[in-house]
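> Can you look at this prediction? I've put the sequence above it.
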Amino acid sequence: MTPATAKPETTQSPKLRKLLAALEGNWQAEMSGYHTYRTLSERDHDPIRKQTLMHMADAEAQHAALWEKRILELGGKQPHYRGKSTGDADSLVNRMGGQRMALRRLEIDESRAIALYGQQLKELDDEPSLAALRQVIEEEREHYQELSSLIRQRYPRKAVPVEPSKAQALLDELLSRRNGGGTGRQTTGWIGDAIYGVNDGLGAIFGIVSGVSGATQGASKYVLMAGLAGMIASALSMGSGAYLAAKSEREIYEAEVARERDAIEMNGPEARELLSLYYQVKGLPEDDADHMVEHIAQDKEQLLRALASERLKSSEEALRDPLTSAFSGAISTAVGAFIPIIPFFFLNGYPAIIASAVISLVAHFAVGAAKSLITIRSWWASGTEMTLVGAVEGLVTYVIGIGLGRVGA
């Protein structure tokens, strides 16, 4: 159907309106991507990144043209871009984090776009739109890979043989750049312990404060006693739990590696065959897998590490440090737990209860939103979800506290 013969919007079926709304959303997202990539390209001084980003901007514009064409074919209105002329290039996160953070955020956005388009493949019932979706998804995957290469500075190199020691040095350098100078999985584990600690401390003590406030009508003396005692107990519990978990994880890994070492000593051919089968399961032809294993097996320690990595799905570098986990877990829990009790140092009664609820819910939202920096969820959705959970928890414990207070009276 051409625009000249299109049905008026008021006579469009719900199914058509839903399709047009989805295509309009796709068009807006692609136009935002176009302006973002173009702006970042204009500001970048690296010739490789500059050229790649401009190429990706052109691809986003082509995607937008696909959606615009289909919208008009279906009788929809000419779409108009509602975003900024710089896209998301000047967002607060990108300004604070610089070019590298901007590219990381775009990498996350590309993965979100792929997931959204994949969902639309299941929901939309319009073959021309589905054909465009398949094309766009494939090109968005290429964008994701290109961004990954730009972020990690994997520029083309000549394929020349590299000595194992030099290869290890290059690997360490690449991993260091990839993790922003950090230590990879250990850094991720430390961040995970900290986030979990803040969540646990904030949620647990907010519940205690709400319950005791309900029972005592916000008597600061009792709320502070319960809150501080709960904060100390939660911090010690989280710290010791994180320490024991990381220590047990390391001990189990070391025991399994020792068993693998004994197995290689007792039956080397079987170990090589096992590693070859692992590679074949991943898609390598049998001859290639056997050839690779023979090279690896020339060094028994290399064979042990490769086999342990496949068998245990982990490596020594990926293990968390027990002391780091304990410290981050305890401190972060204490920080989260201290937030709900702050108002009771200065206020009493219902003003203190209200102030505690407000700052606790704001903290819930802030922690949830902060998690979006290392996940693919939007900051708004993540923060809102955590705020709702905290509100329900506080309300339930407050009501329970009122009931217990009346029983005690």
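Done, it's in.
> Gln119: neighbouring residues, count only.
Around Gln119 there are 11 other residues, counting by other Cβ atoms under 10 Å. To be clear about C-beta, it is placed using only N, CA and C from the backbone, and glycine gets the same treatment.
> and what of Arg134?
Residues lying near Arg134 (other Cβ under 10 Å) number 11.
> Pull the contacting residues for it.
Arg134 sits next to Leu121 when contact means Cβ atoms under 8 Å, 6 or more residues apart in numbering.
> In which helix or strand does it reside?
According to DSSP states H and E, Arg134 maps onto helix 127-151.
> for that helix, the distance to its chain's centre please.
20 Å (Cα atoms, centre = their mean, to the nearest Å).
> That helix: which residues count as buried?
129, 132-133, 136-137, 140, 143-144, 146-147, 150-151 (16 or more other Cβ atoms under 10 Å).
> Would you state the helices of the stretch 51-200 of the chain in chain order?
Ranges of helices in the stretch 51-200 of the chain, per DSSP state H, counting those that start in this stretch, are 92-123, 127-151, 164-178, 185-216.
> Mean pLDDT lowest where, among those helices?
Comparing mean pLDDT over these, the weakest stretch is helix 164-178, at a mean of 51.
> Tell me which other helices or strands the longest helix along the chain touches.
If you go by DSSP state H, the chain has its longest helix at helix 220-266. Helix 220-266 is packed against helix 185-216, helix 268-281, helix 300-312, helix 322-338, with contacts defined by 3 or more Cβ pairs under 8 Å, 6 or more residues apart in numbering; DSSP states H and E.
> distance between that helix and the chain's centre?
Between the centre of helix 220-266 and the centre of its chain there are 24 Å (Cα atoms, centre = their mean).
> Okay, angle between that helix and helix 268-281 too, please.
120 degrees (axes from the mean of the first three to the mean of the last three Cα atoms, to 10 degrees).
> quick one, helix 220-266 and helix 322-338 angle?
160 degrees.
> tell me the angle helix 220-266 makes with helix 185-216.
Going by the same axes, to 10 degrees, helix 220-266 makes 150 degrees with helix 185-216.
> that older thread, nearest to Arg38, out of the helices and strands packed on helix 220-266?
Between Arg38 and those, the shortest separation by Cβ to Cβ is 32.8 Å, and it involves helix 185-216.
> Now render the helices and strands packed on helix 220-266 as CSV, adding mean neighbour count and distance to Leu16.
CSV is the format used below for the helices and strands packed on helix 220-266 (neighbours: other Cβ atoms under 10 Å; distance: least, Cβ to Cβ, whole Å):
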stretch, mean neighbour count, distance to Leu16
helix 185-216, 22, 44
helix 268-281, 16, 47
helix 300-312, 17, 52
helix 322-338, 23, 49
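> Point out the one among the ones you listed that comes closest to Met292.
That would be helix 268-281 among the helices and strands packed on helix 220-266, by Cβ to Cβ, at 6.3 Å.
> pretty sure Leu404 is touching Ser213, no?
No - counting by Cβ atoms under 8 Å, Ser213 is not a contact partner of Leu404; they are 11.6 Å apart.
> Look up phi and psi at Ala219.
Dihedral angles of Ala219 (phi, psi; degrees, to the nearest 10) stand at phi -70, psi 110.
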